[in-house]
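>>> 3D model of this:
(2 chains)
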2 protein chains.
Amino acid sequence: MQREVLDGAKRMVRDAIIQKLDIKIMLSSSNTIRIADFGCSVGPNTFIAMQHVVQALKDKLLQVTNSTNNIPEFQIFFNDHVINDFNTLFQSLPIDRSYYAFGVPRTFHGRLFPSRSIHFAHSSCAIHWLSKIYKELLDEKSPAWNKGSIHYICTSNVEVVNSYVAQFEKDMEMLLNARAEEIVEGGMMVLVTPFASYTRLMNFFGSSLMDLVNEGKLDESLVDSFNFPMYFPSPEDMTKVVEKNGCFSIEIMELTYAKSKLVEKVDAKTLMINLRAVLEGLIINHFGSEIAKEACARIILKSEEISTWMKANYEKSCQLFVALKHK
Amino acid sequence: MQREVLDGAKRMVRDAIIQKLDIKIMLSSSNTIRIADFGCSVGPNTFIAMQHVVQALKDKLLQVTNSTNNIPEFQIFFNDHVINDFNTLFQSLPIDRSYYAFGVPRTFHGRLFPSRSIHFAHSSCAIHWLSKIYKELLDEKSPAWNKGSIHYICTSNVEVVNSYVAQFEKDMEMLLNARAEEIVEGGMMVLVTPFASYTRLMNFFGSSLMDLVNEGKLDESLVDSFNFPMYFPSPEDMTKVVEKNGCFSIEIMELTYAKSKLVEKVDAKTLMINLRAVLEGLIINHFGSEIAKEACARIILKSEEISTWMKANYEKSCQLFVALKHK
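Numbers count the residues shown, from 1 in each chain, chains lettered A, B, ... in the order given. Have a look, this model is predicted:
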């Protein structure tokens, strides 16, 4: 699914670079172009995305300078949490890469680079992960208590949604403040987030957990004490946080549908593999591996329902693409 | 033992920075100081060494600018082979570090950074590892056949020594060529290598292996087909490779004795733990774990002999310290 988002974003990243980037200003002080991928995971998606970025930047340079001389050197910084498997990432780096590769371990909500040192920032399928969730979601005395659900989607309680939005805004405020210092004037930041697909996965998972509660196999308080730390921002959410920060202009903002046939072909098994990869650590930590296994087994039982939904709705499976330029 | 080398080098690194570094030239184009540690392993020695470097650079800056305003930002690049355990390295990074930290996976014999981007390069206990050994050491028809020994130390065959020296020179040529491109004008490179301690460890290990051969427990051809890829350069070796490269001036070249009491206290058990940590992968790969275990057990049998030697010779346990400046 991350790959699908990546493929969808490929053309848009290229368009943003070719149409919106003033590469001459960026290179005025140095012959090195520094690119960062925030939330890179272990590859290979990050390598594919970064290769596209490098190629688009090279093409843009060729257009502007009209010469193949003096091609700049590229530095690519692969960032993710300190617990990311950087060993796997490093060992999978393309041997014939045309850039210098670096790992940067630490959350992207804080500073990672010196001031004015990054020319192009990229983040795909990462900023929708919240750094935490508000405790009020777990507090039965709070109006934002998220009873019987593991996320904010499809809830009728607006306080729950507000709590998720507030955390997203707080995280983005930190991210944008840090990047505003790090990105050079005229530099670009591209943010890509999945928009609908994951939410559906979570719904299926949540309802499987509630089935277990209804059958008396799982204590409801365990469901109530868990909230998925993910928020899928809308264009309005993004506009709000970017305007509040004030250092970036929105060059492109696009909601796009999945063009690939991938979603049509997805069966319940593939879905579950995807689901587990994304959710496993969190779910097993909270519910234990027995319940996690059982909930996944339930999803298989719903495979027909899921397939029907996938076929009917895959065109809604879309992503939000945002290209920002540092003022 | 690496820690001992580190402690010994601490004062010298500081002296090199305070006395020999022209920090104003280095900072003329940027307010970021970029430092690289080549062959960093997994810590904590690299963190201690880098903290000393940062502190010395800050003190030097204070001396020169006479002001605490406008302190530059520090970027530290931790380099080692791609198979180094960067996960452990990253997870051990000091939380309260005053620098931006990066991992750089790839051999330091090739290019790792853009041109003119590094201000201070450091390498401790790393450049004596050869990238490979010449095949002639294993060839019984060659005059450099290293029969009955696992390294070049104490051999009477000058061809064996020449073969090791030739590989060292080749590796250093690549290393110096790469750094000559990467280090800024006026930038500094400090190289620290152990000089005697490891060689003795290898002697004890080699003679234990030959004991096993003499007892018929190990085939001599297996000893003959193994050569430790380590060469301990003399001041003359270093001068030769630096002069051949031509891009660096030798600012400091010092052979120093271990000042710590550590060596006096070393017993055979500590020695073996050290030995295993250094040699384990190589030895087990070549001889299998049974022989490796047996050879280590032999060293314990020689503990009295080793202790006597350590006490008599610890003052000879020394390191070579070289500070180079990019012309």
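>>> Every contact and neighbour count from this point should use C-alpha atoms.
Fine.
>>> residue ranges for the strands of the stretch 201-327 of chain A, please.
A:248-257, A:318-326 (DSSP state E, counting those that start in this stretch).
>>> Just checking: what are the partner strands of the first one?
Which is strand A:248-257. In the sheet, strand A:248-257 lines up against strand A:318-326 (antiparallel) (DSSP bridges).
>>> Give me the mean pLDDT for the partner strand.
Average pLDDT, strand A:318-326: 92.
>>> Point out where chain A drops to low pLDDT.
A:1-7, A:67-68, A:196-201, A:257-280, A:310-317 (pLDDT under 70).
>>> what does it have sitting close to chain B?
Proximity of chain A to chain B (Cα under 8 Å from any Cα of the partner chain) is limited to residues A:32, A:73-75, A:82-87, A:90-91, A:100-105, A:112-114.
>>> closest point of the stretch 151-300 of chain A to chain B, which residue?
A:Glu182 (11.8 Å; Cα to the nearest Cα).
>>> can I assume that residue is in contact with A:Gly110?
No. Using Cα atoms under 8 Å, A:Glu182 is not in contact with A:Gly110, being 10.6 Å away.
>>> When the two are compared, which one has more neighbours?
A:Glu182 (21 against 14; other Cα atoms under 10 Å in any protein chain shown).
>>> and the more buried one, what is it in contact with?
Counting by Cα atoms under 8 Å, 6 or more residues apart in numbering or on different chains, A:Glu182 touches A:Arg111, A:Phe113, A:Pro114, A:Ser115, A:Arg116, A:Ser117, A:Ile118.
>>> Turn the residues you listed into JSON lines, columns for neighbour count.
Formatted as JSON lines, the contacts of A:Glu182 follow (neighbours: other Cα atoms under 10 Å in any protein chain shown):
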{"residue": "A:Arg111", "neighbour count": "18"}
{"residue": "A:Phe113", "neighbour count": "24"}
{"residue": "A:Pro114", "neighbour count": "20"}
{"residue": "A:Ser115", "neighbour count": "17"}
{"residue": "A:Arg116", "neighbour count": "14"}
{"residue": "A:Ser117", "neighbour count": "20"}
{"residue": "A:Ile118", "neighbour count": "26"}
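>>> Let me see the ranges of the strands in the stretch 51-200 of chain A.
Under the criterion DSSP E, counting those that start in this stretch, strands of the stretch 51-200 of chain A are mapped to A:73-80, A:100-105, A:118-124, A:183-194.
>>> Quick one: closest of those strands to B:Leu138.
Closest approach to B:Leu138 among these is made by strand A:100-105 (36.0 Å; Cα to Cα).
>>> For chain A, which segments count as helices?
Assigned by DSSP state H, the helices in chain A fall at A:2-15, A:23-26, A:45-65, A:86-91, A:158-182, A:197-214, A:220-224, A:235-245, A:262-265, A:268-301, A:303-313.
>>> thinking again about what came up before, I'd like to know which of the strands of the stretch 201-327 of chain A is closest to A:Met188.
strand A:318-326 (4.5 Å).
>>> contacts for the closest one?
A:5, A:9, A:12, A:16, A:21, A:180, A:183-197, A:234-235, A:247-258.
>>> same thing but 6 Å
When contacts are defined by Cα atoms under 6 Å, 6 or more residues apart in numbering or on different chains, strand A:318-326 is touched by residues A:185-196, A:248-258.
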